[in-house]
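Q: can't give you the sequence, but here's the structure:
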């Protein structure tokens, strides 16, 4: 069975309110919205919190079945990256286990696995 489930774009906006999409999850400055077969992850960042293009911005969120298995597969290559370009895997308070990798273009790739949040 494939480890990859789906890839969703991760957009950074200055206002989370969007019409025409069903909000499936909402936290303070984050929302996962969905319509028909399309899902988007939206992070609200304004002022000095907003990252300029290509500067540690989330571009894609890749849902996987087993983030630790993916990490083990990628570890030899991840070990060649500069210190600080890889974060995780780590359990997040919002119910995801995540691995973050800084891509050469400066954008962050997030690999996440749903976990039970207590």
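A: The structure has been received and is ready for your questions. The structure presented is a predicted model; accordingly, all values stated were derived computationally and were not measured. Numbers count the residues shown, from 1 in each chain.
Q: correct me, but residue 107 touches residue 100?
A: No. Using Cβ atoms under 8 Å, residue 107 makes no contact with residue 100, being 10.7 Å away. The C-beta positions use only the backbone N, C-alpha and C, and glycine is treated the same way.
Q: Residue 32 pairs with what?
A: Here residue 32 sits in beta bridges with residue 25, residue 41, as judged by DSSP bridges.
Q: how many neighbours does it have?
A: 19 (other Cβ atoms under 10 Å).
Q: Ok, the one 4 residues further on next?
A: The tally of other residues near residue 36 (other Cβ under 10 Å) stands at 7.
Q: Quick one: low-confidence residue ranges for the chain.
A: Low-confidence segments of the chain, defined by pLDDT under 70: 12-20, 35, 45-58, 105, 117-118.
Q: ok, which stretches of it are strands?
A: 4-13, 22-27, 30-35, 38-44, 58-64, 86-91, 96-102, 108-114 (DSSP state E).
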